[in-house]
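Q: coords please:
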Amino acid sequence: MAIKVGVVGAAGRVGTAVVEGVEAAEDLVLAAAIDKDDALSDLLDAGVEVIVDFTAPSVVMDTLEFCISHGIHCVVGTTGFDDTRYEQVRQWCAANPEVGVLIAPNFAISAVLAMAFAKQAAPYFESAEVVEYHHPNKLDAPSGTAIKTAQGIADARREAGLGAMPDKTESALAGSRGADVDGVAVHAVRMTGMVAHEEIIFGTTDQALTIRQDSFGRTSFVPGVLTGVRGVQQHLGLTVGLDSYLGL
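A: Have a look, this model is predicted:
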């Protein structure tokens, strides 16, 4: 039986692509497409089983609280999540254990693989930095993808027993070395013409490795989103990142 899907933020740039992807999938049905002027109760009226949320950090938590409390599974690509927000979602899920929630910093399969490859590479290099490139209308910096990538690199370095990276630079301008995410420098570029791109740069004596991922259009996120929609009912509670859905 087809899964009844509701898209929240359906009129947005990514939301529009998700709507088209759901409509084209034979095993899914678009039961509701809502945006800022619509009521969340429309999801209940339509019998939605799974929502996809690509909205804004200022509204996503209200949507999650509503959906989780009403037994609707959630696949979320909205940015702006931190440890405090993740913990709140875990609490809502604990109170509603029949609900699955997937929050992914990036749904592009190439981005998920890039993060996985970065974890593999991290123990073998003295230095690592992350550069992310997005369009100037993106609301947050650095991106959730870049933060998660840096955290994965830092975790892999700790597990390998590596210390701090070498860096004796004295910065004349604040921020010139980027943001510090668990000891990994992260740089955010906002530029017209970009969509979503990431470079992960590793270096050690006489050699370097660059892992680069590019999303040239927002349809690049759709296959990952649909993977989440199809699998979220089998992953109860909160899952952060698409990794486990892909067996990584």
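
Q: could you say what helices and strands the helix or strand hosting Leu226 packs with?
A: Under the criterion of DSSP states H and E, Leu226 resides in helix 222-231. If contacts are counted by 3 or more Cβ pairs under 8 Å, 6 or more residues apart in numbering; DSSP states H and E, helix 222-231 sits against strand 3-8, helix 13-24, strand 28-34, strand 50-53, strand 73-76, helix 109-121. C-betas here are computed from N, CA, C, even on glycine.

Q: looking at those, which is closest to Thr192?
A: helix 13-24 (14.5 Å; Cβ to Cβ).

Q: by contact count, what packs against that closest one?
A: Secondary-structure packing of helix 13-24 (3+ Cβ pairs under 8 Å, 6+ apart): strand 3-8, strand 28-34, strand 50-53, helix 222-231.

Q: so for Ile72, which of these sits nearest?
A: strand 50-53 (5.7 Å).

Q: quick one: name whatever helix or strand follows that closest one.
A: Next helix or strand after strand 50-53 toward the C-terminus (DSSP H and E): helix 57-69.

Q: quick one: contacts of that next one?
A: Residues outside helix 57-69 that contact it (Cβ atoms under 8 Å, 6 or more residues apart in numbering) are 8, 36, 40, 43, 51, 53, 55, 73-74, 76, 78-81, 85, 88-89, 92-93, 95-96, 99, 101, 139-140.

Q: cool, stretch 197-211 as well?
A: Counting by Cβ under 8 Å, 6+ apart, 111, 114, 117-118, 121-122, 124-134, 143, 145-146, 149, 153, 212-215 sit against stretch 197-211.
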